[in-house]
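[1] Pasting the sequence and the predicted coordinates here, then a few questions.
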Amino acid sequence: MGDAEMAEFGAAAPFLRKSDKERLEDQTRPFDMKKDVFVPDDKMEYIKAKVISREGDKVTAETETKKTVTVKESQVLQQNPPKFDKIEDMAMLTFLNEPAVLYNLKDRYAAWMIYTYSGLFCVTVNPYKLLPVYKPEVVAAYRGKKRSEAPPHIFSISD
């Protein structure tokens, strides 16, 4: 479902799915499967990092905050390729690990996309703000659609 089809959701469209342009920009972000990882962090639990070196069971990486850390190989977790950024169903992630799930929810929340699937479940992160995702045109847009035919929303699993 591209930008044209999303028009039926009205003002709620940007709160339900990224635009085609945003998806394309995310997919072209530089990424190296062997170097882009998550490492433990005292403040954020996990943080994105790039591997600098590997020696034995130790990995040295530079975090996105430009801090150099050395951790055990077993503490390093894979990042997903950029095409999975803000993915609507986390069951589709290549690497389904704790930081991948947390970052996906955080990134979607930062874009005000509060609904995300995790397999059969619909996960909601409360925005503590009224979003235009419950208007009559949104109800009508979801009516009669299968879950796979529309962006994540409580309406898609309640029909």
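    On my side now, so go ahead. Numbers count the residues shown, from 1 in each chain.

[2] residue contacts, residue 102?
    Residue 102 makes contact with 45-46, according to Cβ atoms under 8 Å, 6 or more residues apart in numbering. Backbone N, C-alpha and C define where each C-beta goes, glycine included.

[3] measure it to residue 76 for me?
    Using Cβ to Cβ, to the nearest Å, we find residue 102 at a distance of 16 Å from residue 76.

[4] again with residue 154
    Residue 154 sits 36 Å away from residue 76, going by Cβ to Cβ.

[5] quick one: which of the two has more around it?
    residue 76 (17 against 13; other Cβ atoms under 10 Å).

[6] so that one makes contact with residue 37?
    Yes. Look at residue 76 against residue 37 with Cβ atoms under 8 Å: they come within range, at 5.0 Å.

[7] any common contacting residues for those two?
    Common neighbours of residue 76 and residue 37 (criterion: Cβ under 8 Å, 6+ apart): 51, 59, 61.

[8] quick one: the strands in the chain?
    Assigned by DSSP state E, the strands in the chain fall at 36-41, 45-55, 58-63, 68-72, 77-78, 115-118, 121-124.

[9] Contacts made by the last one with the rest, please.
    The list of residues contacting strand 121-124 from outside it, by Cβ under 8 Å, 6+ apart, reads 90, 105, 114-117, 152-154, 156-157.

[10] Likewise for the second one?
    Counting by Cβ under 8 Å, 6+ apart, strand 45-55 makes contact with 32, 34-41, 59-65, 68-69, 73, 76-77, 79, 98-99, 102-103, all of which sit outside it.

[11] Select only the buried ones of those residues in PyMOL?
    Of these, the buried ones go into a single PyMOL selection, burial set by 16 or more other Cβ atoms under 10 Å:
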select buried, resi 36+37+38+39+40+41+59+61+63+69+76+79+99+103
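
[12] Dump the helix ranked longest in the chain to PDB, keeping only the CA atoms.
    Using DSSP state H, we find that the single longest helix of the chain is helix 98-110. Extracted in PDB, the C-alpha atoms of helix 98-110 (Å, rounded to 0.1, in the frame of the first residue of the first chain):
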ATOM      1  CA  GLU A  98      15.700  -7.400  22.400                       C
ATOM      2  CA  PRO A  99      17.500  -4.300  21.100                       C
ATOM      3  CA  ALA A 100      16.000  -4.700  17.600                       C
ATOM      4  CA  VAL A 101      12.500  -4.800  19.100                       C
ATOM      5  CA  LEU A 102      13.100  -1.900  21.500                       C
ATOM      6  CA  TYR A 103      14.700   0.300  18.700                       C
ATOM      7  CA  ASN A 104      11.800  -0.500  16.300                       C
ATOM      8  CA  LEU A 105       9.200   0.500  18.900                       C
ATOM      9  CA  LYS A 106      11.200   3.600  19.800                       C
ATOM     10  CA  ASP A 107      11.700   4.700  16.200                       C
ATOM     11  CA  ARG A 108       8.000   4.100  15.300                       C
ATOM     12  CA  TYR A 109       6.900   6.000  18.500                       C
ATOM     13  CA  ALA A 110       9.300   8.900  17.600                       C
END
